[in-house]
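Peer 1: this one's structure only:
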Ligand code: FNR
């Protein structure tokens, strides 16, 4: 339970070392990073329209606060796939975190664990899933899977995730090819070519079986093999179903935007959905994720949990997504900025500020728990009134 008794708590805590405003936080972090890393983190597909739609979608929905309600005691506790979380919040899977800080995913996992906020560890992390599980300790953590073209590697990843103690698997299906990200293409920057982001592969027994010489002897060859098996454009629903049967862990599908795909997830016996457009990094001019959310929620009819990401920046954004029917939201780029500026402490600070903002937004909007917040808490601007 993190609900703040009063806003003064924020002021009484030690002075924040990071900018509170997300725009200033982003600017400060981008200042710290080299040009390649800036291109990588800010990168979006094509003209960047999807990223714009993600944000604009939130601007078209406005909270209508309800007043003179007793909101003295608030409870953000959320049960998700059998785990009780202090708030409907997780950290989105983001690969290659050593680009932002040498401790990378270890710092993120520790900060998340300190607040009870699960980290979703990327397949393409800078540290192995076993190292990150150890850094997480007993706190909940999920593993994000990129299906590889070699089923044995996929099976091995799932077995390792289970053994390391992850609580759920998120299979990301919208990045089987890299999006047309103009900024990184311009710079000819692909971190995998430098051997970044392949820690989980290099340590994987099934991956190593494919290599004539171990990666410690010939890293270039290992990188080539990685590029060969990474990204599975041939993946179809039958295979996805088969993959989900390789593990006893609950399996969620990340990247869903179309209600019929959402229905397919349920028909195939998978356990949950993450509505996401990968932060606008995959398809240019795709539907804003927040616009897709209510359509997916309608199709799902409460049969499986629906999570949401792509564009969450502040408490009010999370409020809107939760009011539209998301069971939880994933925070993405903002925590990377904290990681860049302050490692574990930076991520923790971003998280604490986000949670405090979320709590204030819930209370000031007139609610005491997320189960009582629904679409009636929102006003939706249509095209005409917006002009
Ligand atoms: C991502 N995302 C991502 N998703 C995933 O499933 N596996 C991954 O390895 C990554 N890596 C990654 C790197 C970077 C630099 C970014 C910005 C994003 C997508 C991520 O999980 C999430 O969907 C987006 O970050 C949501 O968009 P916003 O809210 O961060 O803009």
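Peer 2: Received, thanks. Since we're looking at a predicted model, the values are computed, not measured. Numbers count the residues shown, from 1 in each chain.
Peer 1: CA atoms for contacts and neighbours, from now on please.
Peer 2: Noted.
Peer 1: what does the stretch 151-300 of the chain put close to the ligand?
Peer 2: 172, 276, 278-279 (C-alpha under 6 Å from any ligand atom).
Peer 1: any chance of those in TSV, plus neighbour count?
Peer 2: As requested, these are exported to TSV (neighbours: other C-alpha atoms under 10 Å):
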residue	neighbour count
172	22
276	27
278	28
279	25
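Peer 1: narrow these to those in helices?
Peer 2: Judged by DSSP state H, helices contain none of those.
Peer 1: next, format those as a markdown table and append pLDDT.
Peer 2: Output for these, formatted as a markdown table (pLDDT from 0 to 100):
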| residue | pLDDT |
| --- | --- |
| 172 | 98 |
| 276 | 98 |
| 278 | 98 |
| 279 | 98 |
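Peer 1: burial of the nearest residue to residue 131 once chain neighbours are set aside, as a residue count?
Peer 2: Excluding the flanking residues, the one nearest residue 131 by C-alpha to C-alpha, 6 or more residues apart in numbering is residue 106, at 7.5 Å. Neighbours of residue 106 under the rule other C-alpha atoms under 10 Å: 27.
Peer 1: how near is residue 106 to the ligand?
Peer 2: Distance of residue 106 to the ligand, computed by C-alpha to the nearest ligand atom, to the nearest Å: 15 Å.
Peer 1: that residue touches residue 128, doesn't it?
Peer 2: No - checked against C-alpha atoms under 8 Å, the pair residue 106 and residue 128 is beyond contact range at 9.5 Å.
Peer 1: in stretch 145-153, what counts as buried?
Peer 2: For stretch 145-153, burial by neighbour count (16 or more other C-alpha atoms under 10 Å) applies to 145-149, 151, 153.
Peer 1: just stretch 62-69 next, same as before
Peer 2: 62-63.
Peer 1: do the same with stretch 236-243
Peer 2: Within stretch 236-243, the residues that count as buried by 16+ other C-alpha under 10 Å are 240-241, 243.
Peer 1: returning to that earlier point: in helices, which of the buried residues of stretch 145-153 appear?
Peer 2: Using DSSP H, these in helices are 151, 153.
Peer 1: just the buried residues of stretch 145-153 now: which is nearest residue 320?
Peer 2: Closest approach between these and residue 320, by C-alpha to C-alpha: residue 145, at 27.7 Å.
Peer 1: so in terms of bridging, what pairs with the closest one?
Peer 2: residue 171 (DSSP bridges).
Peer 1: that one and residue 122 touch, don't they?
Peer 2: Yes - when contacts are counted by C-alpha under 8 Å, residue 145 is listed as touching residue 122 (6.9 Å).
Peer 1: how far off centre is stretch 97-116?
Peer 2: From the chain centre to the centre of stretch 97-116 is a distance of 14 Å (C-alpha atoms, centre = their mean, to the nearest Å).
Peer 1: now whichever residue of the stretch 251-387 of the chain sits closest to the ligand: how far from residue 364?
Peer 2: Proximity of the stretch 251-387 of the chain to the ligand (C-alpha to the nearest ligand atom) peaks at residue 279, 3.0 Å away. Distance of residue 279 to residue 364, computed by C-alpha to C-alpha, to the nearest Å: 28 Å.
Peer 1: what does residue 31 give?
Peer 2: When distance is defined by C-alpha to C-alpha, residue 31 is 34 Å away from residue 364.
Peer 1: so between the two, which is more surrounded?
Peer 2: Taking neighbours as other C-alpha under 10 Å, residue 31 and residue 364 compare with residue 364 leading, 16 against 13.
Peer 1: so what's that one up against?
Peer 2: By C-alpha atoms under 8 Å, 6 or more residues apart in numbering, the contact list for residue 364 reads 65-67.
Peer 1: beta-bridge partners for the nearest residue to residue 256 once chain neighbours are set aside, please?
Peer 2: Nearest non-adjacent residue to residue 256, counting by C-alpha to C-alpha, 6+ apart: residue 275, 4.9 Å away. Counting by DSSP bridges, residue 275 is bridged to residue 256, residue 308.
Peer 1: hang on, isn't residue 275 packed against residue 300?
Peer 2: No - if you go by C-alpha under 8 Å, residue 275 and residue 300 don't touch, sitting 11.6 Å apart.
Peer 1: could you pull out the strands for the stretch 251-387 of the chain?
Peer 2: Along the stretch 251-387 of the chain, counting by DSSP state E, counting those that start in this stretch, strands occupy 251-256, 272-275, 306-308, 328-331, 378-380.
Peer 1: for those, which one sits closest to residue 208?
Peer 2: strand 251-256 (25.5 Å).
Peer 1: helix/strand/coil for residue 90?
Peer 2: Here residue 90 is recorded as strand under DSSP: H, G, I helix; E, B strand; the rest coil.
Peer 1: beta partners of it?
Peer 2: Residue 90 forms beta bridges with residue 330, as assigned by DSSP bridges.
Peer 1: gap between it and the ligand?
Peer 2: Per C-alpha to the nearest ligand atom, residue 90 is found 10 Å from the ligand.
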